[in-house]
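Colleague: I need the structure of the sequence given here:
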Amino acid sequence: MPSKLTPTSLFEPIDHESVSEAVISQIEGLIAAGILKQGRKLPSERELAETLNVSRPKLRDALQALEERGLVTTRHGEGSFIAPLTGQAMMPALLDLYGRHEPAFFDYLEYRREQEGFAARLAAQRATKADKERITEILDRLQRAWEENDPDSSREADYQLHSAIVDASQNATLIHIMASIYHLTRQGVFYNRAYLKSIDGTGKRLLEQHLELGQAVIDGDAERAEKAALAHLDFVEDSFRTGIERSQREAMAEKRRLLSG
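Modeller: You can find the predicted model right below:
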């Protein structure tokens, strides 16, 4: 689960004569920077008004304007959320088709390989102290999940590590686009971590690859970080190709057994 959004950590008090516009400007700035992503719930109206030092009517005016611009959506009884920003990458029918279509899966890996190599290089060059602390904490959780053989925690930490590295790239376009791609990954479309682990044996190689990737970013070694990201996605691709070929051989062997019996 994402960490709780603390209003004082993101927003600054406003003493601007155009209060609503100042509120809009702050929220738009956080969206443009890739800090507020689609689906993120904003702090409550009371918390936000207090932190920004504005009246609740002025805050409502700002949120309404943001909603009209398609950046914020309000759900009755739930609060305000950042609206979908990159759209639905694929409709359910196409997702189902891709899940059954091997070439599409490898296209997905090819796209991720190039984007994540680029993101890792940028992250190593641009990661802040806070970014590095976040990555360190995720690496600790990955290590602990592997030691405790906790597949759910391992899968979640895997997703969070890749997201944290993209965030550390400080490239807002990359952040928003990859957030949409990782949503598919998190749903298990295209990427089955349990299957990878079965190819790996214990999942230790996956752990080692993630530790190397994260540490390279923390160390600020751009070339090493990019190399680690590319090697990780190459391993994923090679593992799936090996698994598919093995399944095909087993299917052929079973047919031969049935014919000879």
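Colleague: can you pull out the strands in the chain?
Modeller: Under the criterion DSSP state E, strands of the chain are mapped to 72-75, 79-82.
Colleague: Show me what the last one is packed up against.
Modeller: So that's strand 79-82. strand 72-75 (3 or more Cβ pairs under 8 Å, 6 or more residues apart in numbering; DSSP states H and E). For the C-beta atoms, the positions are set from N, CA and C on the backbone; glycine is no exception.
Colleague: what sits up against the strand it packs on?
Modeller: Applying Cβ atoms under 8 Å, 6 or more residues apart in numbering, the set of residues contacting strand 72-75 from outside is 27, 42, 63, 66-67, 80-83.
Colleague: Now do stretch 119-132: distance to the chain's middle.
Modeller: Here the centre of mass of C-alpha atoms in stretch 119-132, compared against the chain's by Cα atoms, centre = their mean, to the nearest Å, lies 15 Å away.
Colleague: what's that stretch in contact with?
Modeller: 135, 164-171, 174, 178, 213, 216-226, 228-229.
Colleague: Pull the contacting residues for the residue nearest the centre of the chain.
Modeller: Against the mean C-alpha coordinate of the chain, by Cα atoms, centre = their mean, the closest residue is Ser163 at 3.6 Å. Each residue near Ser163 by Cβ under 8 Å, 6+ apart is listed here: 178-179, 182.
Colleague: pLDDT score assigned to it?
Modeller: The per-residue pLDDT reported for Ser163 equals 93.
Colleague: Could you tell me how far it is located from Ala157?
Modeller: 11 Å (Cβ to Cβ, to the nearest Å).
Colleague: Then Gln26?
Modeller: Separation of Gln26 from Ala157 (Cβ to Cβ): 31 Å.
Colleague: likewise Ala104?
Modeller: Per Cβ to Cβ, Ala104 is found 27 Å from Ala157.
Colleague: Likewise for His232?
Modeller: From His232 over to Ala157 the distance is 14 Å, taken as Cβ to Cβ.
Colleague: What of Glu212?
Modeller: Noted for Glu212: a distance of 15 Å to Ala157, by Cβ to Cβ.
Colleague: who's more crowded, these two?
Modeller: Set Glu212 next to Ala157 and count neighbours by other Cβ atoms under 10 Å: Ala157 wins out with 24 against 17.
Colleague: quick one, what contacts the more buried one?
Modeller: Neighbour list for Ala157: 138, 141-142, 145 [criterion: Cβ under 8 Å, 6+ apart].
Colleague: again, but for Leu42
Modeller: 5, 27, 36, 48, 72, 79-82.
Colleague: what's the distance between it and Leu59?
Modeller: Leu42 sits 10 Å away from Leu59, going by Cβ to Cβ.
Colleague: just Asp140 next, same as before
Modeller: With Cβ to Cβ as the criterion, Asp140 and Leu59 are 38 Å apart.
Colleague: which residues of the stretch 151-261 of the chain score low on pLDDT?
Modeller: 184-202, 261 (pLDDT under 70).
Colleague: In it, what residue spans correspond to helices?
Modeller: Using DSSP state H, counting those that start in this stretch, the helices of the stretch 151-261 of the chain run over 151-168, 172-186, 193-200, 204-219, 222-260.
Colleague: Could you export those helices as JSON lines, including distance to Glu12?
Modeller: Shown next, in JSON lines, are the helices of the stretch 151-261 of the chain (distance: least, Cβ to Cβ, whole Å):
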{"stretch": "helix 151-168", "distance to Glu12": "21"}
{"stretch": "helix 172-186", "distance to Glu12": "19"}
{"stretch": "helix 193-200", "distance to Glu12": "40"}
{"stretch": "helix 204-219", "distance to Glu12": "28"}
{"stretch": "helix 222-260", "distance to Glu12": "32"}
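Colleague: Nearest to Ser20, out of these?
Modeller: helix 172-186 (23.8 Å; Cβ to Cβ).
Colleague: what angle sits between the closest one and helix 151-168?
Modeller: 170 degrees (axes from the mean of the first three to the mean of the last three Cα atoms, to 10 degrees).
Colleague: Pull the contacting residues for Glu21.
Modeller: With contacts defined as Cβ under 8 Å, 6+ apart, Glu21 is in contact with Ala62.
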